[in-house]
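Colleague: sequence and predicted structure, then a few things I'm wondering about:
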Amino acid sequence: MLEVSPVRAFSDNYLWLVRAPGDRRAAAVVDPGDARPVEAALEQHGLALRAIFVTHHHPDHVGGVQALAARHGAEVFGPARERMPCDFRPLDDGDVVSLAELGLEFRVMAVPGHTLGHVAYHGHGALFCGDTLFSAGCGRLFEGTAAQMLDSLDRIAALPDETQVYCAHEYTLSNLRFAAAVEPGNADVLETLEAVGQLRARDGITLPTTLGRERRINPFLRCREPAVRAAAEARAGTPLPGATEVFAVIRAWKDGFR
Ligand SMILES: [Zn+2]
């Protein structure tokens with residue numbers, strides 16, 4: 001298993017610091033939107049930054065990339081279909097990033113929807129999924145379609161139950177409130193809402209989550225469940241032909257949910 005620590009940035013971002021299994025003094029970081037808290041964490045743990053992984057082009061994910069790459073000489077990996085702020089190794093679906101001396105290996109998954117070129121990194125039982133999957137939620141459709149996002153989430157959901165999922169934002173509590181509105185009869189959602197409410201009251205971190213848990217609580221992974229479908233149809237006021245339409249209705253519902 002990887003040793004992964006959260007670095008907090010902005011109001012609710014997590015920049016994930018990954019300690020290299022092969023070289024304990026070396027580290028990689030995922031989606032460094034701000035260089036300063038990453039520098040502080042590297043210094044605190046006495047680590048050298050060797051690699052930077054980027055999931056998509058939004059400023060809160062790439063804002064610190066250029067400064068960190070220049071200062072540490074770290075290699076930058078990012079989605080082939082998106083613009084990055086500096087030279088980087090472009091990656092697409094199925095590519096494998098193997099950093100032998102660090103003992104790190106990730107398989108790249110193209111997961112369009114939030115943005116068109118969005119990628120996720122899977123390896124060592126962990127998934128770094130940026131703004132595609134959140135605990136009990138998913139990213140907004142800024143560039144892609146509902147069909148693209150559902151397909152991306154389906155491919156993520158096909159990974160093993162025990163996969164540790166490192167999402168890029170602390171949105172779990174508000175997502176669970178929405179999940180409870182969609183599925184008021186889902187005991188797992190209600191139990192998790194209670195536990196996460198207590199954790200957040202102490203400013204605790206709700207991540208990583210696991211795919212097994214998400215399959216039980218995340219309405220966006222549950223579009224084929226009769227209860228989620230019924231809630232979407234009630235919301236739309238009409239029968240919905242398939243999972244894509246169910247997904248589109250609950251995504252739009254969440255966009256306006258307070
Ligand atoms: Zn984003």
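Modeller: Great, that's in hand. Residues are numbered from 1 along each chain as shown.
Colleague: from here on, contacts and neighbour counts on C-alpha atoms
Modeller: Will do.
Colleague: from residue 140, how far off is the closest residue to residue 231 other than its chain neighbours?
Modeller: Residue nearest to residue 231 in three dimensions, not counting chain neighbours: residue 182, with 5.9 Å by C-alpha to C-alpha, 6 or more residues apart in numbering. To residue 140, residue 182 is 17 Å away according to C-alpha to C-alpha, to the nearest Å.
Colleague: pretty sure the residue nearest to residue 231 contacts residue 220?
Modeller: No: the pair residue 182 / residue 220 is not scored as a contact, 10.3 Å apart, by C-alpha atoms under 8 Å.
Colleague: compare the two (neighbour count), which wins?
Modeller: residue 220 (26 against 22; other C-alpha atoms under 10 Å).
Colleague: pLDDT wise, what is that one at?
Modeller: Listed pLDDT for residue 220 reads 98.
Colleague: and it, what is it in contact with?
Modeller: The contact partners of residue 220, taken as C-alpha atoms under 8 Å, 6 or more residues apart in numbering, are 136, 137, 138, 150, 153, 247, 250, 251.
Colleague: quick one: the helices in the stretch 101-250 of the chain?
Modeller: Using DSSP state H, counting those that start in this stretch, the helices of the stretch 101-250 of the chain run over residues 146-157, 172-182, 187-201, 211-217, 226-236, 243-255.
Colleague: tell me which of those lies nearest to residue 164.
Modeller: Among these, the nearest to residue 164 by C-alpha to C-alpha is helix 211-217 (7.0 Å).
Colleague: report all helices and strands that the closest one contacts.
Modeller: Here helix 211-217 is seen to pack against helix 187-201 when contacts are counted using 3 or more C-alpha pairs under 8 Å, 6 or more residues apart in numbering; DSSP states H and E.
Colleague: may I see the buried residues of the helix it packs on?
Modeller: By 16 or more other C-alpha atoms under 10 Å, the buried positions in helix 187-201 come out as 188, 189, 190, 192, 193, 196, 197.
Colleague: check stretch 90-106 too.
Modeller: Under 16+ other C-alpha under 10 Å, the buried positions of stretch 90-106 are 91, 92, 93, 96, 97, 102, 104, 106.
Colleague: would you quantify the distance from the third one to residue 61?
Modeller: Yep, that's residue 93 we're talking about. 20 Å.
Colleague: now tell me what touches stretch 133-148 from outside.
Modeller: Here stretch 133-148 makes contact (C-alpha under 8 Å, 6+ apart) with 111-116, 131-132, 149, 153, 167-169, 171-172, 175-176, 179, 207, 209, 214, 217-220, 244-245, 247-248, 251, 255.
Colleague: buried subset of those residues?
Modeller: Among these, those buried by neighbour count (16+ other C-alpha under 10 Å) are 111-116, 131-132, 149, 153, 167-169, 171-172, 175-176, 179, 207, 209, 214, 217-220, 244-245, 247-248, 251.
Colleague: and residue 211, what pLDDT?
Modeller: On the pLDDT scale, residue 211 is placed at 98.
Colleague: what sits against it?
Modeller: 157, 159, 160, 161, 162, 163, 164, 165.
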